[in-house]
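S.K.: Pasted the sequence and its predicted model underneath.
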Amino acid sequence: MPRSISSSNPRSCLSCVIKNQQTLCSTGILENKRWSFFQLRSAILPVSWEQRYLLVKVFELLATLMFGVAHFHRFLHGRCHSLYHWL
């Protein structure tokens, strides 16, 4: 991820498939408080057994997505935990 993106801000991920290519994108707020949209991973989806070596990139994309979900879960847990103590 680019250095200018703050890790304290939640980011949303979007995965889109066009023909046989899947792309994982994310949004975030830069240091100058502007929104940014950038590509995290991209993978060509295999459509035959001979293209099975392409699965490595698909699994990397899924691992990146799972890492993002875990990061967002920790972010929400911290926010909810601090809100609970405030009440």
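M.R.: Happy to help now that I have it.

S.K.: Show me the shaky parts of the chain.
M.R.: 1-11, 81-87 (pLDDT under 70).

S.K.: all helices of this structure, in order?
M.R.: With helices called from DSSP state H, the chain shows them at 55-86.

S.K.: Now for Val56, how many residues are close by?
M.R.: 11 (other C-beta atoms under 10 Å). (Glycine included, C-beta is placed from N, CA and C.)

S.K.: And it, how far from Ser36?
M.R.: Distance of Val56 to Ser36, computed by C-beta to C-beta, to the nearest Å: 28 Å.

S.K.: for Arg74, same thing?
M.R.: Taken as C-beta to C-beta, the span from Arg74 to Ser36 is 22 Å.

S.K.: quick one: which of these two has more around it?
M.R.: Ser36 (14 against 10).

S.K.: pretty sure the more buried one is in contact with Gly28, am I right?
M.R.: Yes - applying C-beta atoms under 8 Å as the test, Ser36 and Gly28 come out as touching, 5.5 Å apart.

S.K.: Report the contact partners of Val58.
M.R.: When contacts are counted by C-beta atoms under 8 Å, 6 or more residues apart in numbering, Val58 is found next to 22, 43, 45-46.
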